[in-house]
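Asks: let's see this in three dimensions:
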Amino acid sequence: MRIAIVGIGYVGLVSAACFADLGAEVYCVDVDEAKIQGLREGIIPIYEPGLDTLVRRGMEAGRLHFGTSIAEVLPHVEIIFSAVGTPPDEDGSADLRHVLAVARSIGAAMTSYCLVVTKSTVPVGTWRQIQRVIEEEQAKRGVSIPFDVASNPEFLKEGNAIDDFMKPDRVVVGVQSERAKELMTRLYKPILLNNFRVLFMDIPSAEMTKYAANAMLATRISFMNEVARLCEAVGANVSMVRRGMGSDARIGSKFLYAGCGYGGSCFPKDVQAFIRTAHEHGERMQILEAVEAVNEQQKHILFDKFAHYFGGDIRGRKVAVWGLAFKPETDDMRQAPSLVLIEALLEAGCEVSVYDPVAMEEARRQLGDRVHYAADLYSSALDADAIFHVTEWKAFRMPAWEVLRRSVRTPLLIDGRNVFDAGPREAGFTLLQIGQ
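Replies: Next up, the predicted model:
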């Protein structure tokens with residue numbers, strides 16, 4: 001099959017590389033000429049384990065093409081995916097300018113039937129706007145070319161996106177015609193030969209599914225963070241509580257880890273957009289409003305523990321921050337808890353040294369020269385009054401604690417992900433964790 005994907009960001013590039021690896025001929029389109037030129041030269045603009053190999057293989061096989069024109073690829077494809085960004089607007093709603101711009105370009109250039117599939121996370125009802133825009137553009141040309149609109153939301157986890165794509169729990173597809181259903185079945189059949197886990201449904205339900213799924217995961221995180229606060233107040237251990245809860249088959253153990261808050265490109269944006277969608281339809285998502293409030297509060301917990309430990313005497317203290325990305329195996333710092341922590345530390349007059357195995361360049365773009373960029377976790381902790389563990393990279397799990405103890409000024413470790421156990425304590429560190 002020949003398909004096009006418009007918007008070669010995280011979702012678009014991963015999807016394109018995976019489809020090409022499965023044998024489809026994929027035309028990648030993006031308005032960013034520098035990005036497209038870089039991809040042609042083998043430069044991958046994002047960090048995702050294994051993605052560079054997949055892109056290179058697709059290009060060498062002649063199945064992965066990069067360009068900047070929708071009009072040029074439309075005559076060659078049966079399906080065109082829209083994977084452009086939908087950043088939060090000022091009121092929390094999803095900004096659909098890029099999505100509708102893609103629809104306009106398709107309507108202005110299409111010459112034969114095509115299936116237009118929304119891969120971006122969009123509010124319920126967006127498919128009608130896409131359909132209307134394409135029809136309006138056709139009307140300007142005096143033509144009426146048949147087309148279908150579909151929704152195929154992504155459920156990729158950064159750091160594990162290729163496996164998620166190739167071995168999905170399920171593939172959600174919203175369609176409005178048998179023709180669209182047949183095309184999407186053909187496209188996904190190679191992935192799911194033995195167990196065809198494509199869930200076909202109406203388009204509004206598919207659009208809703210993405211928001212509802214992310215909102216539920218965010219809710220579990222914020223719920224456990226509230227439980228963790230109460231655990232500290234009553235002397236319980238949230239890790240033990242999590243094990244007890246997670247053993248219940250009705251609950252399960254995933255996304256029940258207390259920490260310093262969630263971030264990234266999906267959960268914060270999607271929770272806000274879900275709340276906004278409800279407001280627009282005269283409803284109120286009271287639980288999600290609380291989820292969002294708890295998460296914002298939780299992002300301050302590491303700084304609060306630090307300030308409390310020193311009795312508020314923190315101006316001029318040097319600290320190390322281990323982990324900048326919002327989660328391991330990515331360089332994505334969007335809405336990362338590390339940013340909230342670092343801003344609070346700088347405002348309090350602290351000297352901040354940071355280290356992340358992957359996200360240092362992204363940190364430079366966001367933080368500039370206001371922090372020190374260490375070469376490794378050991379140099380970041382030199383003469384430090386506190387070490388903050390913010391992102392649970394595997395590289396941080398077993399450092400030489402005795403070496404670190406000799407390097408720091410104050411042996412204080414604030415573990416925002418509850419990863420560490422006896423090691424730092426045995427080396428003489430005071431270990432502060434979440435909900436313990």
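Asks: so how many other residues sit close to A61?
Replies: Neighbours of A61 under the rule other CB atoms under 10 Å: 12. (Each C-beta comes from the backbone N, C-alpha and C, glycine too.)
Asks: residue contacts, it?
Replies: Shown in contact with A61 (CB atoms under 8 Å, 6 or more residues apart in numbering): A20.
Asks: distance of it from G23?
Replies: Distance of A61 to G23, given as CB to CB, to the nearest Å: 9 Å.
Asks: so L96 versus Q37, what's the distance?
Replies: Counting by CB to CB - L96 and Q37 are separated by 28 Å.
Asks: more crowded one of the two?
Replies: Neighbours were counted for L96 and for Q37 using other CB under 10 Å; L96 has more, 18 against 12.
Asks: that one against R128, yeah?
Replies: No - between L96 and R128 there is no contact, the gap being 11.7 Å when judged by CB atoms under 8 Å.
Asks: ranges for the helices of the stretch 301-436 of the chain?
Replies: For the stretch 301-436 of the chain, the helices defined by DSSP state H, counting those that start in this stretch occupy 301-309, 337-347, 360-367, 377-380, 401-407, 422-426.
Asks: how about those helices, which one is nearest E392?
Replies: Smallest distance to E392 across the helices of the stretch 301-436 of the chain (CB to CB): 11.6 Å, for helix 337-347.
Asks: go through that closest one and flag the buried ones.
Replies: Applying a neighbour-count criterion of 16 or more other CB atoms under 10 Å, one finds P337, S338, L339, V340, L341, I342, A344, L345 buried in helix 337-347.
Asks: how about those residues in JSON lines, adding distance to Y257 and pLDDT?
Replies: Shown next, in JSON lines, are the buried residues of helix 337-347 (distance: CB to CB, whole Å; pLDDT from 0 to 100):
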{"residue": "P337", "distance to Y257": "13", "pLDDT": "97"}
{"residue": "S338", "distance to Y257": "17", "pLDDT": "98"}
{"residue": "L339", "distance to Y257": "20", "pLDDT": "98"}
{"residue": "V340", "distance to Y257": "18", "pLDDT": "98"}
{"residue": "L341", "distance to Y257": "18", "pLDDT": "98"}
{"residue": "I342", "distance to Y257": "22", "pLDDT": "98"}
{"residue": "A344", "distance to Y257": "23", "pLDDT": "98"}
{"residue": "L345", "distance to Y257": "24", "pLDDT": "98"}
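Asks: tell me which two of the residues you listed sit farthest apart.
Replies: P337 and L345 (12.5 Å).
Asks: joint contacts of these two?
Replies: By CB under 8 Å, 6+ apart, no residue touches both P337 and L345.
Asks: is it possible to export the buried residues of helix 337-347 to TSV including distance to L367?
Replies: Listed next are the buried residues of helix 337-347 as TSV, based on distance: CB to CB, whole Å:
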residue	distance to L367
P337	14
S338	10
L339	8
V340	12
L341	12
I342	7
A344	13
L345	11
